[in-house]
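S.K.: everything below, folded, please.
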Amino acid sequence: MKVTDWLAVYAAILSTVVFAWNVLRAKPKVKARLTFGLHPEQGPGVYIFVQNKSSHTVHLASVGPLYRSGCASIREKLAFVIKYRRFPKTLGWVHTSFRYFGVSDGCPVAIEAGNAHQIFLPEAQVEEILRGADARDLMAHAQDMLWHNAYSNVLAYPLPTSSAGAA
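M.R.: Numbering: from 1, shown residues only. Now for the predicted structure:
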């Protein structure tokens, strides 16, 4: 092969890599996170952060909590995979809205590239959400205007401090 042939191969590989890189960067990437926190006025609770990890503005439609309501069996998970052709990440979890618990999610909101949207959930509202749950596990769900969903990590919420000493 001549030098010009090698240069043509190099240029083709490089342009393919750059094209793939641009396609990956163009896709909106939203990440939801849960963490314990202490609010200056409202006391202890849970912070929900929705981060925009893409290079474009993401328009967030809603953010909501999830709580565990039963554990799905292997048979139910397999049936879910066959029916919907995707992994059942939230099978056995109940989706709800912060509005039912008197907490504003601040949506709809536009999150600029590299920024985050934060929601504080006071301990009283966390306890109200977990009242009907089978376990003291909590997740958060963020959905953008194009119905792309992002789920947070599972947060095992401890018993409240007032009842922990009585047990």
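S.K.: E127 - that's part of a strand, no?
M.R.: No - counting by DSSP: H, G, I helix; E, B strand; the rest coil, E127 is not found in a strand; it is helix.
S.K.: the strands in the protein, which residues?
M.R.: For the chain, strands defined by DSSP state E occupy the ranges 30-39, 43-52, 58-68, 93-95, 109-111, 116-122, 137-144, 149-151, 155-156.
S.K.: partners of the last one in the sheet?
M.R.: Partner strands for strand 155-156, per DSSP bridges, with pairing direction: strand 137-144 (antiparallel).
S.K.: repeat for the fifth one
M.R.: When pairing is defined by DSSP bridges, strand 109-111 lines up against strand 58-68 (antiparallel).
S.K.: what angle separates the strand it pairs with from strand 30-39?
M.R.: Interaxial angle, strand 58-68 versus strand 30-39 (axes from the mean of the first three to the mean of the last three C-alpha atoms, to 10 degrees): 70 degrees.
S.K.: C-alpha coordinates for strand 58-68, CSV please?
M.R.: Output of strand 58-68 as CSV, limited to C-alpha atoms (Å, rounded to 0.1, in the frame of the first residue of the first chain):
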residue,chain,number,x,y,z
VAL,A,58,-32.5,19.0,29.2
HIS,A,59,-36.2,19.9,29.8
LEU,A,60,-37.4,18.0,32.9
ALA,A,61,-41.1,17.2,33.0
SER,A,62,-41.4,15.5,36.4
VAL,A,63,-39.6,14.1,39.3
GLY,A,64,-41.2,11.6,41.7
PRO,A,65,-40.5,9.1,44.5
LEU,A,66,-40.7,5.3,44.3
TYR,A,67,-41.2,3.0,47.2
ARG,A,68,-41.0,-0.8,47.3
